[in-house]
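[1] Could you work out the structure for the sequence below:
(2 chains)
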There are 2 protein chains.
Amino acid sequence: MSAPLPSEKAMVPFVSVENMMRLVHHVGIETMLFELTDVIENDFRRWETFDKTPRVASHSHDGVIELMPTSDGTTYSFKYVNGHPKNMAEGLQTVTALGLLAHVSTGYPVLLTEMTLLTALRTAATSAMAARHLAPHGARTMAIIGNGAQAEFQALAMKAVCGIKNVRLFDIDPRATAKASRNLEGSGLAITACKTAEAAIEGAEIVTTCTADKQYNTILTDNMIGAGIHINAIGGDCPGKTELHKDILLRSDTFVEYPPQTRIEGEIQQMDADFPVTELWKVVTGEEPGRKDHRQITLFDSVGFAIEDFSALCYVRNRIAGTDFFQDLDIVADPDDPRDLFGMLQRAR
Amino acid sequence: MSAPLPSEKAMVPFVSVENMMRLVHHVGIETMLFELTDVIENDFRRWETFDKTPRVASHSHDGVIELMPTSDGTTYSFKYVNGHPKNMAEGLQTVTALGLLAHVSTGYPVLLTEMTLLTALRTAATSAMAARHLAPHGARTMAIIGNGAQAEFQALAMKAVCGIKNVRLFDIDPRATAKASRNLEGSGLAITACKTAEAAIEGAEIVTTCTADKQYNTILTDNMIGAGIHINAIGGDCPGKTELHKDILLRSDTFVEYPPQTRIEGEIQQMDADFPVTELWKVVTGEEPGRKDHRQITLFDSVGFAIEDFSALCYVRNRIAGTDFFQDLDIVADPDDPRDLFGMLQRAR
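    Numbering: from 1, shown residues only, chains lettered A, B, ... in the order given. Predicted coordinates:
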């Protein structure tokens, strides 16, 4: 190859899966979850500065592929993410993702990264951020219904951010529960593997649902949810996919990320279009109250929103500066004379 | 690092700018433009099998950042692309892009590639495909108004696909014309550098406009366009950016890619919402006539559509198979047990 070396502007830092894992271990997973929670909360506090749009979804029989863009006017981000519940049976991830940051002023990318791990981390951090405002004061016990890829991240984020000490696990597949129990050994959390969802929620102040089936489901029925509980509903996140019986929603105060997206994808897709919800960012800014009393049932109807990815991408960009947790990728054609793209190509011959 | 090697499924073929240039020279640029034209035409022929949506644009003062997704039900693609006319003055590309192909059935990416060069190639190939159906029979001379990054690609595509022999160049910046003239030396085309747009279009059967200013502009006025001309309008491609006087549109038969997008972004944004247009794919299938007689003025109001990127991405994916024109990128986290994302992370410590 006689091609001249690509210019610096042509180079985009890329964080591979391997480098993301190195970064997580370098920072420490609980520290990273804690820092991500703060970064996300800071961006929720300036919610109104962001361009917001429901994600662009391409649905198929087997799953969904989504693009999630946003911008704060200075930095642009998007995430590519899929959701294919049937993947698991084929030995594939249900959710994989990659993300990009770019300068709004030039359109030039400044970061490309794996986001399968990063999405797991930011989803757990977002849950912890919501729980910080909505869970009963002094909550120490969380139930996790659905012990798949998201479970351990949820447990550690709630520990790091909210001081959760006990985690009660249930999954319809006991092997998933065994996997999560094993992975959380030595985490400092007291783990209890339960045989039923009813047993798992015993004594829990926070109930997290993170199952993966792409269908209407009733993971929690009305009689299972007593006064004062905070429900952190992660798994109902696309049209036709819910986890809670609608009677629970009628007794809860429901908090959401971005209503136009959540009404399509969240638990509230079961409800009328004017079902009352509170935007979580307004709780963060103090514009709306979070938990009001110890008998209130709060529900974070989480579907994941682009601003959380924006926060996570900016965090990674800052965290990798000055490290070797990335490689430079020659992905932007950048001829010396910008009009001379063809000349650059010719000279590479 | 003690991390085990990433699995094969975790690896996504990545085509860097350097490898894209190697691929172009390996295939030959005119051959590649010719083959791309056929690939795009084949996908236009099965237009109805694609999921279509106007691109998702994030506009700012300086430019636009867009995501362009589509899917044929088996393969999903998207392109990230920016358009920042003011970049040129800062020594940056006006348009940079990257693209991705994925399996619809699993959501797993199967190709990641630079698309700055590939967009230049597919845009020229799409123009040539349209000209094959719309330009006067036996056209041998093309004018190119706007001699920036797209000019040479347009010239060679029209040569390879339509048999153009003479190219007449004009740009308000004579250095751009000099650059394009120099780059096209030895191409087999007779190149004439012109001092005015009027001089450039003399004797031209095809007039290509590809200027980059993000503003309403009148590159061509009504009196400049005589009977029988095919206008290939490339540069008017976002809201507020046009190149033709509307009187030309009133005398022309206008052909477009995807009306819901072109009515926002194309030359026809100047016209009423019901201004009659013909969808180019219907000309390709024979459902609608292309050029009807030798006095007709045809206008391809090109803004670029996601299906053209899909075609180009599939072409690259096929063309790099069995070559070394790509590298494997560790961008998909793929634990042995898909539910054990956390365990994969732990074991990498």
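[2] From A:E41, how far off is the residue most central in space within chain A?
    Geometric centre of chain A, nearest residue: A:T123, 2.3 Å, by Cα atoms, centre = their mean. Look at A:T123 and A:E41: by Cβ to Cβ, to the nearest Å, they are 15 Å apart. Heads up, the C-betas are built off the backbone N, CA and C, glycines and all.
[3] same check, this time on A:E30
    For A:E30, the distance to A:E41 - Cβ to Cβ - is 17 Å.
[4] just to revisit the earlier point, in which helix or strand would I find the residue nearest to the centre of chain A?
    Here A:T123, judged by DSSP states H and E, is contained in helix A:116-134.
[5] Please write out the alpha-carbon positions of that helix in PDB.
    Taking C-alpha atoms only, helix A:116-134 is exported to PDB below (Å, rounded to 0.1, in the frame of the first residue of the first chain):
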ATOM      1  CA  THR A 116     -23.500  -3.600  24.800                       C
ATOM      2  CA  LEU A 117     -21.700  -3.400  28.100                       C
ATOM      3  CA  LEU A 118     -22.100   0.300  28.300                       C
ATOM      4  CA  THR A 119     -25.900   0.000  27.900                       C
ATOM      5  CA  ALA A 120     -26.100  -2.500  30.700                       C
ATOM      6  CA  LEU A 121     -24.100  -0.100  32.900                       C
ATOM      7  CA  ARG A 122     -26.200   3.000  31.900                       C
ATOM      8  CA  THR A 123     -29.500   1.200  32.300                       C
ATOM      9  CA  ALA A 124     -28.500   0.200  35.800                       C
ATOM     10  CA  ALA A 125     -27.300   3.700  36.600                       C
ATOM     11  CA  THR A 126     -30.500   5.200  35.300                       C
ATOM     12  CA  SER A 127     -32.500   2.800  37.500                       C
ATOM     13  CA  ALA A 128     -30.400   3.800  40.500                       C
ATOM     14  CA  MET A 129     -30.800   7.500  39.700                       C
ATOM     15  CA  ALA A 130     -34.600   7.000  39.700                       C
ATOM     16  CA  ALA A 131     -34.500   5.000  42.800                       C
ATOM     17  CA  ARG A 132     -32.500   7.700  44.600                       C
ATOM     18  CA  HIS A 133     -35.500  10.000  44.100                       C
ATOM     19  CA  LEU A 134     -38.400   7.500  44.300                       C
END
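[6] so how far is that helix off the chain centroid?
    6 Å (Cα atoms, centre = their mean, to the nearest Å).
[7] same check, this time on stretch A:231-245
    On Cα atoms, centre = their mean, the centre of stretch A:231-245 falls 14 Å from that of its chain.
[8] can you pull the buried residues of it?
    Of the residues in stretch A:231-245, A:231-238, A:241-245 count as buried by neighbour count, 16 or more other Cβ atoms under 10 Å in any protein chain shown.
[9] Burial check on the residue lying closest to A:M11 once chain neighbours are set aside, number of neighbours?
    Excluding its sequence neighbours, the residue lying closest to A:M11 (Cβ to Cβ, 6 or more residues apart in numbering or on different chains) is A:D328, at 4.1 Å. Close neighbours of A:D328, defined as other Cβ atoms under 10 Å in any protein chain shown, add up to 12.
[10] for the one 5 residues further on, same thing?
    Burial of A:A333 is recorded as 29 neighbouring residues (other Cβ under 10 Å).
[11] Can you tell me which helix or strand of chain A has the lowest average pLDDT?
    Least confident helix or strand, chain A: strand A:216-220 with a mean of 79, by mean pLDDT, DSSP states H and E.
[12] now check stretch A:198-210, is it near chain B?
    No: on the criterion Cβ under 8 Å from any Cβ of the partner chain, stretch A:198-210 is out of touch with chain B, staying 11.0 Å away.
[13] Would you mark the buried spots in that stretch?
    Those would be A:200-201, A:204-210, for stretch A:198-210 by 16+ other Cβ under 10 Å.
[14] which one among those gets closest to A:L249?
    Nearest to A:L249 among these is A:T209, at 12.9 Å by Cβ to Cβ.
[15] is that closest one in a bridge, and if so with what?
    A:I145, A:A233 (DSSP bridges).
[16] Please list all residues in contact with the residue of the stretch 101-250 of chain A found nearest chain B.
    Distances between the stretch 101-250 of chain A and chain B by Cβ to the nearest Cβ are smallest at A:G107, namely 2.4 Å. A:G107 makes contacts with A:76, B:63-65, B:82-84, B:87, B:96, as judged by Cβ atoms under 8 Å, 6 or more residues apart in numbering or on different chains.
[17] Quick one: mean pLDDT over the helix holding A:T123.
    The pLDDT scores in helix A:116-134 average 97.
[18] now swap in stretch A:11-19 and tell me
    96.
[19] Equivalent analysis for stretch A:190-205, please.
    97.
[20] Just give the number of residues close to A:N166.
    Neighbour number of A:N166 under other Cβ under 10 Å is 18.
[21] Is it correct that it is in contact with A:C194?
    No: A:N166 lies out of contact with A:C194 (Cβ atoms under 8 Å); the separation is 11.7 Å.
[22] Could you verify my assumption that A:T96 touches A:N82?
    Yes: with contacts counted by Cβ under 8 Å, A:T96 reaches A:N82, the gap being 5.8 Å.
[23] More neighbours: which of the two?
    Just comparing A:T96 and A:N82: by other Cβ under 10 Å the higher neighbour count belongs to A:T96, 30 against 27.
[24] how near is that one to chain B?
    5 Å (Cβ to the nearest Cβ, to the nearest Å).
[25] Contact partners for A:V39?
    A:311-312, A:314-315.
[26] CA-only coordinates of the host helix or strand of it in CSV, if you can.
    Take DSSP H and E as the rule and A:V39 turns out to sit in helix A:29-45. Taking Å, rounded to 0.1, in the frame of the first residue of the first chain, the C-alpha atoms of helix A:29-45 are listed here in CSV:
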residue,chain,number,x,y,z
ILE,A,29,-17.5,-1.3,38.5
GLU,A,30,-19.3,0.2,41.5
THR,A,31,-17.4,3.4,41.1
MET,A,32,-18.3,3.5,37.4
LEU,A,33,-22.0,2.9,38.2
PHE,A,34,-21.9,5.6,40.8
GLU,A,35,-20.2,8.1,38.5
LEU,A,36,-22.5,7.2,35.6
THR,A,37,-25.5,7.8,37.8
ASP,A,38,-24.3,11.3,38.6
VAL,A,39,-23.5,12.1,34.9
ILE,A,40,-26.9,10.9,33.9
GLU,A,41,-28.6,12.9,36.6
ASN,A,42,-26.7,16.0,35.6
ASP,A,43,-27.9,15.6,32.0
PHE,A,44,-31.5,15.0,33.3
ARG,A,45,-31.1,18.3,35.2
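[27] Okay then, goodbye and thanks.
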